[in-house]
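**Student:** Give me the fold of what follows.
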Amino acid sequence: MRLPCGKSWLVAVVMAVPGLAGPELASGAELEYPLSVAAGNGSIYLADRTLPGVWKIADGKLTTLFQGAKQFRTPLNAARCVAVDAKGRVVAGDSSTREIYRFDAQNMPVPLTKGGIGIPMAIAFDSQGDILVCDLEIHRIVKVPEAGGEPTIVAEIPAPRGIAVDGKNRIWVVTHGKDRQVARILPDGQIETVVEGRPFQFPHAIALDGDLNAYICDGYGKCIWKVGSDGNPQKLVEGPPLAGPVGIAMQGDHLLVADPKAVQVFSVTLDGKISAVEYAK
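**Tutor:** Alright, predicted model coming up:
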């Protein structure tokens, strides 16, 4: 079933569904199951599968950017990923409504594809501002126009879970394919292998630094891997306090890591020093 598109529909749902809290509520609650993390506008954003919805950490304070309802097939009932585009707009993926949402100036999530996505696991943006999505349901990387519309297929990738785009418009993908775990899609559509074989236990998300080193969350390995230009993975940080990291993003000169098992967001320096992100509850 495809859902109707448009802001008026979304507002009607917010008003009609009990428990759908809406934007920017101060919250006495705590993080529950943060799956994805993004940085932008001087803030940190977290997709929380159990909230359900998206958190915001700004000025040392945790609030809900948008709290969805517990009712299935309502906006962000199953938030799985969040990202911030070059214009500072927050975008989130939701498998419950099979949709990609972009938050407007009132922090309301506006649907972009009329239910054209299956299971959105990760989001990135190309140089044109178009939205690239890992769709786990169809094992494809798809592109959604910046203005919204029908997704188009970019490449077939087995079980894609993480995505990043570099300055050359190459798309880096974490995959659970049997022959490689990190692939790179070139602008001409060719796919090359970055990491061969299966050195990671259960890779989830990927982030890139300015030198094109890749950083990958390994949930089962309880670690963050660093992959340099030689394609050889090395563990950057491992073990406690990490319990099952699944989300990663760059924020300035350090990494942000979302760990649902630790119920925590961590800051990791590029030389491997880790600390919890502090905020008022």
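
**Student:** got any ranges where this protein has weak pLDDT?
**Tutor:** Along the chain, the parts satisfying pLDDT under 70 run over 1-29.

**Student:** Could you pull out the helices in it for me?
**Tutor:** Taking DSSP state H as the criterion, the chain contains helices spanning 7-16.

**Student:** I44 is in contact with A38, correct?
**Tutor:** Yes. In this structure A38 lies within contact range of I44 using CB atoms under 8 Å: 7.4 Å. Just so you know, the C-beta spots here come from the backbone N, C-alpha and C atoms, and that holds for glycine as well.

**Student:** ok, which stretches of the stretch 1-150 of the chain are strands?
**Tutor:** Secondary structure of the stretch 1-150 of the chain, counting by DSSP state E, counting those that start in this stretch: strands at 22-26, 34-40, 43-48, 53-58, 61-67, 79-84, 90-94, 99-103, 109-111, 120-125, 131-135, 140-144.

**Student:** elements contacting the third one?
**Tutor:** Read that as strand 43-48. Applying 3 or more CB pairs under 8 Å, 6 or more residues apart in numbering; DSSP states H and E, we find strand 43-48 packed against strand 34-40, strand 53-58, strand 79-84, strand 90-94, strand 247-251.

**Student:** Check the chain and tell me which residue is nearest its centre.
**Tutor:** Taking CA atoms, centre = their mean as the criterion, C81 is the residue nearest the geometric centre of the chain, at 3.4 Å.

**Student:** In contact with that residue, which residues?
**Tutor:** Contact criterion CB atoms under 8 Å, 6 or more residues apart in numbering gives 35-36, 47, 92-93, 120-123, 134 as the residues in contact with C81.

**Student:** can you redo the strands of the stretch 1-150 of the chain as CSV with distance to I153?
**Tutor:** As requested, these are arranged in CSV below (distance: least, CB to CB, whole Å):
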stretch, distance to I153
strand 22-26, 33
strand 34-40, 23
strand 43-48, 24
strand 53-58, 27
strand 61-67, 29
strand 79-84, 19
strand 90-94, 17
strand 99-103, 15
strand 109-111, 20
strand 120-125, 14
strand 131-135, 9
strand 140-144, 5
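
**Student:** Looking at those, which is nearest to C217?
**Tutor:** Nearest to C217 among those is strand 34-40 (9.9 Å), distances taken as CB to CB.

**Student:** Tally up the residues packed near the nearest residue to V82 once chain neighbours are set aside, please.
**Tutor:** Closest residue to V82 apart from its sequence neighbours, by CB to CB, 6 or more residues apart in numbering: A47 at 4.2 Å. Using other CB atoms under 10 Å as the criterion, A47 is surrounded by 29 other residues.

**Student:** For D188, see how far away T152 is.
**Tutor:** As defined by CB to CB, to the nearest Å, T152 lies at a distance of 16 Å from D188.
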